[in-house]
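Chemist: structure here, sequence nowhere to be found:
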Ligand SMILES: NC(=O)c1ccc[n+]([C@@H]2O[C@H](COP(=O)([O-])OP(=O)(O)OC[C@H]3O[C@@H](n4cnc5c(N)ncnc54)[C@H](OP(=O)(O)O)[C@@H]3O)[C@@H](O)[C@H]2O)c1
């Protein structure tokens, strides 16, 4: 099995490459940095540039499945210019893959694309559990981005390629993402939830996310799936569990919503919005989570680390 992975140099991509190589898969990857085309040992890197629609199309040679994870981080100040980058890095990169594959005129063996998506597609909801069937609408910037991103991936169906869309939750990993961002204030005794702290956090352990991606490959899964652990928790619960796992059990009272809004404006939705998301659909396909509970998930993350 040969995979072409975009975003292979990122948090999720690195873990995916490691696991896929362990399983004997052959890995090609696309990177926007020429300097990174040789940095992943055991895999073959190719350069692409979605903004100029440039791609080394030999990246598709012998590839069975594309795993498309690339996307500029959303954790950087949302200026008007940066918002364009957030969207373009997802939509233009997907279109570049589509156009480049079309140019091979059938001379490729790609049968499936697994596209990253995000819970940001769901509206802020403090009460209801959302499923893949929940209606989505373009009310906010993030909702619009994710709707367009999923639509760009869905186009591959018209090319007779199976499309798997994974709506990824907050990925918990020891060296990056939300855990790295929250850990520092907690270590200095300044850990706190935001708003009233009751917002739902639908998280997933990085090993389970990689497990879902590889499960999607081996079972040729098609359709939209939430990639979240079965037990979402409130933000206060999430931070308390993280603080406990790194032996700093004391957290401060939540920071009021208006302060967050003053500090980061529209981007405050990342900290304040609530998503209680169901994992039942992927479980119904036979996927079984290694880390369904937040405490055991954090415990595993920090078992070797010195924090
Ligand atoms: N981590 C989470 O909690 C989370 C939650 C929901 C959804 N997701 C989605 O899952 C995917 C993977 O997440 P991650 O945490 O692994 O992300 P990450 O660590 O930020 O890595 C994303 C990768 O995308 C590539 N990239 C960055 N800017 C780009 C641009 N302007 N154009 C094209 N490619 C660009 C980079 O690869 P090169 O430098 O090699 O080009 C980077 O390694 C992302 O699409 C993210 O939005 C993540």
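Modeler: That came through fine. None of the values given here were measured: they were computed from a predicted structure.
Chemist: looking at the stretch 1-150 of the chain, which residue is nearest the ligand?
Modeler: Using CB to the nearest ligand atom, the closest approach of the stretch 1-150 of the chain to the ligand is made by residue 10 at 2.0 Å. Using the backbone N, CA and C atoms, a C-beta is placed for each residue, glycine as well.
Chemist: the longest helix along the chain near the ligand anywhere?
Modeler: Looking across the chain with DSSP state H, the single longest helix is helix 80-103. Yes. Helix 80-103 is in contact with the ligand by CB under 6 Å from any ligand atom, via 85, 89, 93.
Chemist: which residues are contacting that helix?
Modeler: With CB atoms under 8 Å, 6 or more residues apart in numbering as the contact definition, helix 80-103 has outside contacts at 6, 48, 50-51, 53, 55, 57, 60, 66, 68, 70-72, 74, 76, 78, 108, 110, 113, 115, 141, 144-145, 148-149, 152-153, 155-156, 159, 161.
Chemist: which of these fall in strands?
Modeler: 6, 48, 55, 66, 68, 113, 115 (DSSP state E).
Chemist: tell me the pLDDT at the residue of the chain most remote from its centre?
Modeler: Most distant from the centre of the chain: residue 105, at 30.8 Å, with distances by CA atoms, centre = their mean. As predicted, residue 105 sits at a pLDDT of 85.
Chemist: residue 226: what secondary structure?
Modeler: The three-state assignment at residue 226 reads strand, by DSSP: H, G, I helix; E, B strand; the rest coil.
Chemist: just to revisit the earlier point, just among the residues of helix 80-103 next to the ligand, which is most surrounded?
Modeler: The most crowded member of those, judged by other CB atoms under 10 Å, is residue 93 (27 neighbours).
Chemist: in terms of helices and strands, where is residue 185?
Modeler: helix 177-187 (DSSP states H and E).
Chemist: follow-up on the earlier one: if any of the ones in strands among the contacts of helix 80-103 are buried, give me the ChimeraX selection for them.
Modeler: Filtering the ones in strands among the contacts of helix 80-103 down to the buried ones (16 or more other CB atoms under 10 Å) takes a single ChimeraX command:
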select :6,48,55,66,68,113,115
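Chemist: the ones in strands among the contacts of helix 80-103 into a markdown table, with extra columns for pLDDT?
Modeler: Below are the ones in strands among the contacts of helix 80-103 laid out as a markdown table (pLDDT from 0 to 100):
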| residue | pLDDT |
| --- | --- |
| 6 | 98 |
| 48 | 98 |
| 55 | 98 |
| 66 | 98 |
| 68 | 98 |
| 113 | 98 |
| 115 | 98 |
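Chemist: how about the helices in the stretch 201-307 of the chain?
Modeler: Taking DSSP state H, counting those that start in this stretch as the criterion, the stretch 201-307 of the chain contains helices spanning 206-218, 235-245, 257-264, 269-272, 280-284, 294-301.
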